[in-house]
Each structure stands twice: as C-alpha cells, then as structure tokens.
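quick one, structure for this:
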Amino acid sequence: MNGITDTARLQAWLDTNVRGYAGVPQLERFSGGQSNPTYKLTSDSGTYVLRRKPAGTLLASAHAVDREFRVMRALDGTTVPVARALALCEDDAVIGSAFYIMEYVDGRILWDTTLPGCTPDERAAMFDSMNATIAALHSVDYGAAGLEGFGRPDNYLARQIGRWSKQYRASETRPIAAMDRLIDWLPARMPGRDGTAVVHGDYRMDNVIFHPTEPRVIAVLDWELSTLGDPVVDFAYHAMAWRLPPALFRGLAEVDFAGLGIPPESEYVARYFERTGQAPVADWDYYIVYSMFRIAAILQGVMKRALQGNASSAQALEVGGRAGSLAEQAWALAQTLG
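This next block holds a predicted model:
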C-alpha cells in the first residue's frame, strides 16, 4: 500500500505513540515533491500526515525527518505557522524507514506562482503573507525556542557551498561545465558578512499552506533542510523565483507584476529587510547566483535518485534534467559580477 505494506505494525506503533489515535490507518500518497515521501493518513480518530525517508541508499545527512520533527516542535507556539508535530519514529522496522506523524492542516498548496484564479488584491496579500512568514522565522529567538544546538552559527555560507558542491559531485551523472565553474567561483567571491537565525532551507510557495479561503499562510512545510544559518542566504533562495522563467522552476521572470498584483523583486526584497530590521546587502546578486547553484545541485540529486529507481515523484527525471539549465543561468549571472 503506497510503499507501506505492514499497516498492522504501523497501527500498533500509532496506538502507542500518538495520543488519542484509533483505527486502521488508510494511506494515500500526496502527489508532487521530490524528497521525502508524504502520505495522508486517515483513521477513526481523524486525519494525520505521515512523512518518511525514501527507500534505498541515500546521501549522508539527506532526508533528515528527525530534524524536521525537532524544528516543527520548537516553532510550535511562535509566530511561525507550523503543523503540530505529534510523534517521531526512528525505528526502520516499523515501515522500513524513519518517519514522523504531524497534524493534517486543511488548506491550499499552490504550485503555480502566478496564482491563476486569484484577484490582484488576493495575490498581493498572499505574497505579503509569505514575506511576513519568512521574516517571522528569521526573527525567532532560536535559543529561547530550544534550538541553540540546531546548527553551527558561523561560516554558514562557506559550509553550504562546500556541502552542495560535495552533494553535487556525489550525484553527478554527466559533466555540467557551468557547475564546475561555479564550484570554483563561489568560494572565491564570497561576501564577508554572516548572520545567524533559524533558516528553512527550501522556502517557496509550494512549501506553504494557504488558508482555504483567505490569502494568508497557515503552515510552513518541508523543514528537511532547516538549520541555523545566515537569513539572507535563506531569503535569497526564496527570492530567486523572481529571476527564473516559469517553465524552468516555477519562476516569476517576465510576468506582468502590476497586472497580476505580484510585487516586483525590488519591492519584495525591501519589505523583507524592513520587517527583519536587517541592513540590505550590496552584493544581492551573489546570493542569487549561489541560490541557483544550490537548486541545480538539489535537482542533480533528484536525477540521481530517479536513475537509481528510488525517486519520490514520477516527474523526477524531467525535473532533475533542469539542473544544467539552472547552472548555466547562474554562471551567466556570475560573469556579470566579475
């Protein structure tokens, strides 16, 4: 059943570990997404979400469902909207891999960043809510939230460049010249600033849930890549959408911002810095180059898993194949910076 065959063993675990749980679990896999398989779990006691590591051989430190569980637990009760994390299972014997259970949040997950069917006013409010939500995350006192040791609070960008360079090399299936050049260029041109906050690591429109009828974010999903790090790096990865064409990676480049009610990049970025009280950075485009490099490395991992036969999505080969185009766009922008 959806890759989870022993529902009796799962039910026994749920009975013991999820308060108030009752009934035989019925599982339905959510479509979309390229990382941790996620299921809607229904039973006599209600509706839940089960999120697990994928099967097969995985890259070291990838698919960290335990980290997702920890940060969601820590943020529950802050101004950052999260689904309530209910129970974590690190025993592979239950369903074949580690997993956790969280509450089911009823709302809208939207994949098209142009928000078809919405009015300009609704779009403006939804983008503003996304902006306010990531600003709220970066304003959390991570020590008070119990996340003091959630990551190293220094040299985040240097470590991330090193990490994604290694992840890319481990996932490499064919040479991509632009990635080779970026791996050399990024550490050589790295800005001197650094900052520390709880960072999401993959904050984008399809990783939030909007209210069923209102234009506001009610939960942030997919905390697999969260840690302590530089909030500007995290926000730039989110704002990268303004530089990408819609066909490449659900981007916003060349859309009619005024007609749609979507704020242009400069306005959106300025609002974030106002909300967080951070000084705007002079080398903003460097962070965009890094963000493109990073998503290219992630997509290369998607491609590798697809070729190994353990992808989380039927579209993995097509999505993973975009790594080269993203790398080329990143290198073209890097060359404008000298």
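
quick one: contacts for the residue nearest the centre of the chain?
What sits nearest the mean C-alpha location of the chain, by Cα atoms, centre = their mean, is residue 202, with 2.5 Å. Contacts for residue 202 (Cβ atoms under 8 Å, 6 or more residues apart in numbering) come out as 222, 224, 225, 237. Every residue, glycine included, has its C-beta placed from N, CA and C.

what about the helices in the stretch 101-250 of the chain?
Along the stretch 101-250 of the chain, the segments classed as helices by DSSP state H, counting those that start in this stretch run 120-138, 156-171, 177-188, 231-239, 246-249.

roughly how far is the longest one from the heart of the chain?
Between the mean C-alpha location of helix 120-138 and the chain-wide mean there is a distance of 16 Å, by Cα atoms, centre = their mean, to the nearest Å.

so which elements touch it?
Judged by 3 or more Cβ pairs under 8 Å, 6 or more residues apart in numbering; DSSP states H and E, helix 120-138 is in contact with strand 197-199, strand 208-210, strand 217-220, helix 231-239, helix 257-260, helix 265-276.

any buried residues in that helix, and which?
Buried residues in helix 120-138, counting neighbours by 16 or more other Cβ atoms under 10 Å, are found at 123-138.

could you give the angle of it to helix 231-239?
150 degrees (axes from the mean of the first three to the mean of the last three Cα atoms, to 10 degrees).

need the contact partners of helix 120-138.
75, 78-81, 115, 118, 197-200, 203, 205, 208, 210, 215-217, 220, 231, 234-235, 238, 259-263, 268, 271-272, 275-276.

now the last one
Contacting residues not belonging to helix 246-249 are listed as 113, 114, 241, 252, 253, 255, 295, 322, 325, 326, 329 [Cβ under 8 Å, 6+ apart].

minimum pLDDT in the residues you listed, which residue is that?
Within these, residue 322 has the lowest pLDDT, namely 80.

now that residue: phi and psi?
Dihedral pair for residue 322: phi -80, psi -10, per degrees, to the nearest 10.

what helix or strand does the closest residue to it other than its chain neighbours sit in?
What sits nearest to residue 322 in space, not counting adjacent residues and going by Cβ to Cβ, 6 or more residues apart in numbering, is residue 299, at 5.6 Å. Element membership for residue 299 (DSSP states H and E) is helix 284-308.

return the distance of that helix from the chain's centre.
12 Å.

could you list the buried residues of that helix?
Within helix 284-308, the residues that count as buried by 16+ other Cβ under 10 Å are 286-306.

ok, stretch 75-95 next?
75, 78, 80-83, 85-89, 94-95.

with stretch 259-279 instead?
260, 261, 262, 263, 265, 268, 269, 271, 272, 275, 276, 278.

how about a markdown table for the helices and strands packed on helix 120-138, with distance to residue 23 and mean pLDDT added?
Shown next, in a markdown table, are the helices and strands packed on helix 120-138 (distance: least, Cβ to Cβ, whole Å; pLDDT from 0 to 100):
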| stretch | distance to residue 23 | mean pLDDT |
| --- | --- | --- |
| strand 197-199 | 35 | 97 |
| strand 208-210 | 25 | 97 |
| strand 217-220 | 24 | 98 |
| helix 231-239 | 39 | 97 |
| helix 257-260 | 44 | 97 |
| helix 265-276 | 43 | 98 |
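
okay, the ones you listed in a markdown table with distance to residue 185 next?
Compiled in a markdown table, the helices and strands packed on helix 120-138 are given as follows (distance: least, Cβ to Cβ, whole Å):
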| stretch | distance to residue 185 |
| --- | --- |
| strand 197-199 | 23 |
| strand 208-210 | 32 |
| strand 217-220 | 32 |
| helix 231-239 | 16 |
| helix 257-260 | 30 |
| helix 265-276 | 23 |
